[in-house]
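> Give me the fold of what follows.
(chains A and B)
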2 protein chains.
Amino acid sequence: MERMYSTQMEAARRGIITPEMKAVAAKERIDEEKLRALISEGKAVIPANPLHRSLDPNGIGRDLWTKINVNLGVSRDCKDYDIEMQKVMSAVDLGAEAIMDLSSHGNTQPFRQKLCRECPAMIGTVPVYDAVIHYQRDLGTLTARDLIDVVRLHAEDGVDFVTLHCGLTRKTIDQIRSGQRKMNLVSRGGSLIFAWMSMTGEENPFYEYFDEILDICREHDVTISLGDACRPGCLADATDGVQIEELIRLGELTERAWKKDVQVMIEGPGHVPMDQIAANMKVEETICHGAPFYVLGPLVTDIAPGYDHITAAIGGAIAAYNGASFLCYVTPAEHLALPDVDDVHEGIIASKIAAHAADIAKHLPGAREQDDLMAEARRKLDWEEQFRHAMDPERAKAVRDARLPEDDHSDTCSMCGKFCAVRSINKALAGETIDIL
Amino acid sequence: MERMYSTQMEAARRGIITPEMKAVAAKERIDEEKLRALISEGKAVIPANPLHRSLDPNGIGRDLWTKINVNLGVSRDCKDYDIEMQKVMSAVDLGAEAIMDLSSHGNTQPFRQKLCRECPAMIGTVPVYDAVIHYQRDLGTLTARDLIDVVRLHAEDGVDFVTLHCGLTRKTIDQIRSGQRKMNLVSRGGSLIFAWMSMTGEENPFYEYFDEILDICREHDVTISLGDACRPGCLADATDGVQIEELIRLGELTERAWKKDVQVMIEGPGHVPMDQIAANMKVEETICHGAPFYVLGPLVTDIAPGYDHITAAIGGAIAAYNGASFLCYVTPAEHLALPDVDDVHEGIIASKIAAHAADIAKHLPGAREQDDLMAEARRKLDWEEQFRHAMDPERAKAVRDARLPEDDHSDTCSMCGKFCAVRSINKALAGETIDIL
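Numbers count the residues shown, from 1 in each chain, chains lettered A, B, ... in the order given. From the prediction side, this is the model:
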């Protein structure tokens, strides 16, 4: 299966509509030619490493449906591969378009390879997390070469996109040391590079050897997700100079990647007050030339640990409506613990709600179809039909069934019972008497 | 305790700063004179029936902190007074500023009177729900007089605000019968009036006898919450002519109420796509002359039954940021069943998050204080301090404690373990070596 092009972007620029573009255009109900144009300009990406043969491709971009990512992976505190693979497959069933494998324990390669063999969602990784584990040597002993080699390893394993914190430079270290920020850096990958740079005195290898990284990514059509090492970790640090200066670096790197036909996404905040979210989306669009924005939250308050899937759903919906293309899920365990199976479930649904609400507001083709069918089912008080159109049919059915109305009015629910507005109006319109007592 | 004025609005207009205004201004950290001016113009209300002696008063208005309401009350499917009173007190502990007693079963008066005797939150009711129960006669047999008399009864029991669906008229019946809407009416109170009007052929008594209602509300300083009988019950019906025509009626009635110094809030949607929320807030402000907007949601998608506390948190946060002053909580059981204790808890926290996120974005005095303290605690990895500033300390502690990191790093949590970004940066800034393996 020899391809006549390296990356989706190269194909798009040469006027080729790839099988992946065809599949994505059909799902999105947009014109293939329009999608090709977006990809050629970098305004949409299809992360699709040809070695990831089980992939059901998806596109990411402002003009496409908002996609969601689920972070999973084996760790010291959750090392069972089978449990983790179960979480992956149930995340895909719930509608996750991407899985980021953040494994940080044991031999990470077999799990990564298994994902690329079996998982239909796009797979992303953060190679710097894996470096320490892969070499089994602590951070300070690794060389720039070691770090770059892990990127190649992941590309060869079939990963579709890699997060690389290329915009962090020695200048950032000065900014952080000067104490401008309340929370310094909260990016895991960014903090590792910061620590490595502090220990070695060297420049960030992902910045310094960016051309070599581009060659790897071009060869394997790996999309670069330019990591936001400087994303704000609290409201007080949002949209500050440290964050925006890194974004400017990412914009410059985006242009360099595009020169080599490498697909790029930009990662974004973080913790951001609601009134700054639209501005963040606009600034990313201008500074990064329309490259798709992949946001982690944004969380709109810092004081809701245990409920950060909700703070992220609020921020994510506003971000997606204002231009973010890709939402990283946040679970109720964020800031507190590793998510368990229930947390993962809650986090995915909250992200899907945010993405869907934004897609409706953006008037994307067909985005409101299920909602309209739900409304019809509600007017008819047809409960089976309501469950069918629900984002989580099992949950909806379980809540209703656990507390059915005592009166056995199969047309109503126990929330309003005979006071049900839909029932009253239906009866009134049919000329029937309303019995409430 | 003879008052020299009937209502807070009358006092404000006569230049009197009441004890309630003093208390509210202190809480809100705003100037008493500024608050008095807002109340005199109708831009803020303090629902405070002098007979509600246990009240800890709160103000509602665009320039004040966003408040939340919790619907409770005994019903056929949940008739235990003590359980319901427990829910009330725990709602107040969680930060609910208002409780609406929607009791619809048994003898409702003792519970309502108990609330007004014991509950420090403002108490609201929907008299039309209570009418059938109070008279123990079915809807079609009640007279306009009966309905008005229930309003007086509630006022005399000490209720601070009443929802009255005064804007529904016979014109609305024609609009609904013409089939313009997918979901017709979904307001419980509105549907009862619609049904009553259909059965009796009469005009809406709350519209027809509005002056008499104003006299009752003036006498007892009961704030009228002008109900939105025509709020959209699905995205497809949002911001349509039926909804906005009712809003115009409510704007006219607001002016009539203000002429008699009666305080007014306006109730609003409902199910609304994200892109229409800001417009709804603006239109309410102009048509209803700045009267505080009390929104029920808005829910930004119809397909998430089981998670409507999240769809409402997204819509509520956007609404509050754009001008809504008061959010009615929505629980995960919405559309499905009566909320149980857990649902009430989840619903309240979700509403508090929405309200708080909006207050931060509106830059209200002190709104971000807890968030900044949380950020400090996070940087120091001081967990006890983090729990102290959390909206729900018990939940946060329980999540962390249930899954502590295996390595016993008391400084981190099991989410990242030794990969904790905060730990890495703190060590790097202290010049320490980072151990990860």
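> Next, count neighbours for A:Ala304.
Per other C-beta atoms under 10 Å in any protein chain shown, the neighbour tally for A:Ala304 reads 29. No exception for glycine: its C-beta is placed from N, CA and C like everyone else's.
> And it, how far from chain B?
Per C-beta to the nearest C-beta, to the nearest Å, A:Ala304 is found 5 Å from chain B.
> Likewise for A:Ile287?
With distances defined as C-beta to the nearest C-beta, the gap from A:Ile287 to chain B amounts to 23 Å.
> Pull the contacting residues for that residue.
A:Ile287 makes contact with A:244, A:247-248, A:250-251 under the criterion C-beta atoms under 8 Å, 6 or more residues apart in numbering or on different chains.
> Please, where are all the strands along the stretch 201-350 of chain A?
A:223-226, A:264-268, A:293-296, A:326-328 (DSSP state E, counting those that start in this stretch).
> Is stretch A:348-355 positioned near chain B?
Yes. Contact of stretch A:348-355 with chain B (C-beta under 8 Å from any C-beta of the partner chain) involves A:349-350, A:353-354.
> now that we have those residues, which one has the most neighbours?
By neighbour count, taken as other C-beta under 10 Å, the most surrounded of the residues of stretch A:348-355 next to chain B turns out to be A:Ala354 (34 neighbours).
> Rounded mean pLDDT for the helix or strand hosting that residue, please.
Assigned by DSSP states H and E, A:Ala354 falls within helix A:341-361. Average pLDDT, helix A:341-361: 97.
> Give the other helices and strands that that helix contacts.
With contacts defined as 3 or more C-beta pairs under 8 Å, 6 or more residues apart in numbering or on different chains; DSSP states H and E, the secondary structure elements packing on helix A:341-361 are strand A:67-72, helix A:81-93, helix A:308-321, strand A:326-328, helix B:274-287, helix B:308-321.
> Output the strands of the stretch 201-350 of chain A in JSON lines; the columns should cover distance to A:Asp372, mean pLDDT and mean neighbour count.
Listed next are the strands of the stretch 201-350 of chain A as JSON lines, based on distance: least, C-beta to C-beta, whole Å; pLDDT from 0 to 100; neighbours: other C-beta atoms under 10 Å in any protein chain shown:
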{"stretch": "strand A:223-226", "distance to A:Asp372": "34", "mean pLDDT": "98", "mean neighbour count": "28"}
{"stretch": "strand A:264-268", "distance to A:Asp372": "32", "mean pLDDT": "98", "mean neighbour count": "27"}
{"stretch": "strand A:293-296", "distance to A:Asp372": "28", "mean pLDDT": "97", "mean neighbour count": "27"}
{"stretch": "strand A:326-328", "distance to A:Asp372": "24", "mean pLDDT": "98", "mean neighbour count": "27"}
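> can you redo those strands as JSON lines with distance to chain B?
Supplementary listing: those in JSON lines, determined by distance: least, C-beta to the nearest C-beta, whole Å:
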{"stretch": "strand A:223-226", "distance to chain B": "17"}
{"stretch": "strand A:264-268", "distance to chain B": "14"}
{"stretch": "strand A:293-296", "distance to chain B": "12"}
{"stretch": "strand A:326-328", "distance to chain B": "13"}
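> Can you give me the buried ones in the following helix or strand past the helix holding A:Ala354?
Using DSSP H and E, the helix or strand that follows helix A:341-361 towards the C-terminus is helix A:369-379. Along helix A:369-379, these residues count as buried under the neighbour rule (16 or more other C-beta atoms under 10 Å in any protein chain shown): A:370-379.
> so which of those residues also contact chain B?
Residues shared between the buried residues of helix A:369-379 and the neighbourhood of chain B are A:370-372, A:374-376, A:378-379 [C-beta under 8 Å from any C-beta].
> Spell out which parts of the stretch 151-300 of chain A neighbour chain B.
Counting by C-beta under 8 Å from any C-beta, the residues of the stretch 151-300 of chain A lying close to chain B are A:176-177, A:182-188, A:190-192, A:194-195, A:198-199, A:233-237, A:273-276, A:300.
> Provide a list of residues in contact with A:Arg379.
For A:Arg379, the set of contacting residues under the criterion of C-beta under 8 Å, 6+ apart consists of A:422, A:426, B:182-184.
> before we move on, back to that, include distance to A:His52 and pLDDT when you put the buried residues of helix A:369-379 into CSV, please.
Written out in CSV, the entries for the buried residues of helix A:369-379 read as follows (distance: C-beta to C-beta, whole Å; pLDDT from 0 to 100):
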residue, distance to A:His52, pLDDT
A:Gln370, 29, 98
A:Asp371, 33, 98
A:Asp372, 35, 98
A:Leu373, 34, 98
A:Met374, 35, 98
A:Ala375, 39, 97
A:Glu376, 39, 97
A:Ala377, 38, 97
A:Arg378, 41, 96
A:Arg379, 44, 96
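> Make CSV out of those residues and add distance to B:Ser40.
Rendered in CSV, the data for the buried residues of helix A:369-379 read as follows (distance: C-beta to C-beta, whole Å):
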residue, distance to B:Ser40
A:Gln370, 48
A:Asp371, 43
A:Asp372, 45
A:Leu373, 49
A:Met374, 45
A:Ala375, 42
A:Glu376, 47
A:Ala377, 48
A:Arg378, 43
A:Arg379, 44
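> Most widely separated two among the residues you listed?
Distance extremes for these: the farthest pair is A:Gln370 and A:Arg379 at 15.2 Å, using C-beta to C-beta.
> count of residues packed around A:Tyr81?
Using other C-beta under 10 Å, the number of residues around A:Tyr81 comes to 14.
> Now the nearest residue to it once chain neighbours are set aside: phi and psi?
Leaving aside its sequence neighbours, A:Tyr81 sits nearest to A:Phe111 (C-beta to C-beta, 6 or more residues apart in numbering or on different chains; 5.6 Å). In terms of degrees, to the nearest 10, the main-chain angles of A:Phe111 are phi -70, psi -40.
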